Each structure stands twice: as structure tokens, then as C-alpha cells.
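Q: next input, structure requested:
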Amino acid sequence: MENKVMKIKPVISEKTYAAANALNKYTFLVTRGFNKIEVGKAIEAKYKVNIVSSNSTVRPGKEKRDWKTYRTKRKPDMVKMTFTLKKGDKIDEFLKN
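A: Purely as a prediction, here's the structure:
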């Protein structure tokens, strides 16, 4: 069995910032190969919050063309996961970045 490294990166945009303030929903980009439960436990441990629900969508990787060799390369797919936190919990580091 191979060891996979979970890379969790917060998605900072106007839409996610508004959702974090108004609806207590936080969005993260995660590498492919992890499910909602594993990522949820990692976020609960890292930020010391309680997760109520989660949603996920696959964000396909973009294709880039190397104009010298005329080959296309595709960036890896990522999973965009949105977590709703328990009322009263907040992730301050998410809003600082």
C-alpha cells in the first residue's frame, strides 16, 4: 500500500468568503483519492472544529499544450469540498489567507 499525502488548500474567493461569513461554510481543494470522511477528520483535527455536513465536486484538471513538441499535458484533477461547521465554530486561518 502506498502512502498518500493529503494536501488541503483553502479556496479564497469572494463567493467562498461570503459563504464563510454568512452560512458558516468553508471550501477547500483536496487532491484526488480521499473521501469526505477522511478529509473531514483531518480538518476537524487541524482546526479544532466540528463538521455538520459536507459536499464535494470534482474539478477537472486543465489541458496545457507544449507548443514545441505539440503534446498536450493535463494537470491533475482536484476535489472541491465544502464543509458546514457547527454553529459558533469558525476557522480564522481561512479568512486570513
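Q: C-alpha from now on. contacts and neighbour counts both.
A: Fine.
Q: ok, residues contacting the helix or strand bottoming out on mean pLDDT in the chain?
A: Counting by mean pLDDT, DSSP states H and E, the chain has its least confident helix or strand at helix 92-96, which shows a mean of 74. By Cα atoms under 8 Å, 6 or more residues apart in numbering, the residues outside helix 92-96 that reach it are Pro10, Ile12, Tyr17, Tyr26.
Q: buried ones in that helix?
A: For helix 92-96, a neighbour-count test (16 or more other Cα atoms under 10 Å) marks Phe94 as buried.
Q: and if you look at stretch 60-78?
A: Taking 16+ other Cα under 10 Å as the neighbour-count basis, stretch 60-78 is seen to contain the buried residues Met78.
Q: could you give the separation of it from the chain centroid?
A: 22 Å (Cα atoms, centre = their mean, to the nearest Å).
Q: restrict that stretch to CA atoms and write it as PDB.
A: Only the C-alpha atoms of stretch 60-78 are listed here, as PDB (Å, rounded to 0.1, in the frame of the first residue of the first chain):
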ATOM      1  CA  PRO A  60     -11.100  18.600 -13.700                       C
ATOM      2  CA  GLY A  61      -7.500  19.400 -14.500                       C
ATOM      3  CA  LYS A  62      -6.800  21.800 -17.400                       C
ATOM      4  CA  GLU A  63      -5.000  20.700 -20.500                       C
ATOM      5  CA  LYS A  64      -1.900  22.600 -21.400                       C
ATOM      6  CA  ARG A  65      -0.200  22.400 -24.800                       C
ATOM      7  CA  ASP A  66       3.600  22.300 -25.200                       C
ATOM      8  CA  TRP A  67       4.000  24.300 -28.400                       C
ATOM      9  CA  LYS A  68       7.500  23.000 -29.100                       C
ATOM     10  CA  THR A  69       6.600  19.300 -29.100                       C
ATOM     11  CA  TYR A  70       2.800  19.700 -29.800                       C
ATOM     12  CA  ARG A  71       1.900  17.400 -27.000                       C
ATOM     13  CA  THR A  72      -0.800  18.100 -24.500                       C
ATOM     14  CA  LYS A  73      -0.400  17.600 -20.800                       C
ATOM     15  CA  ARG A  74      -3.200  17.500 -18.300                       C
ATOM     16  CA  LYS A  75      -2.900  18.900 -14.800                       C
ATOM     17  CA  PRO A  76      -4.200  16.500 -12.100                       C
ATOM     18  CA  ASP A  77      -7.900  16.600 -11.100                       C
ATOM     19  CA  MET A  78      -8.800  18.200  -7.700                       C
END
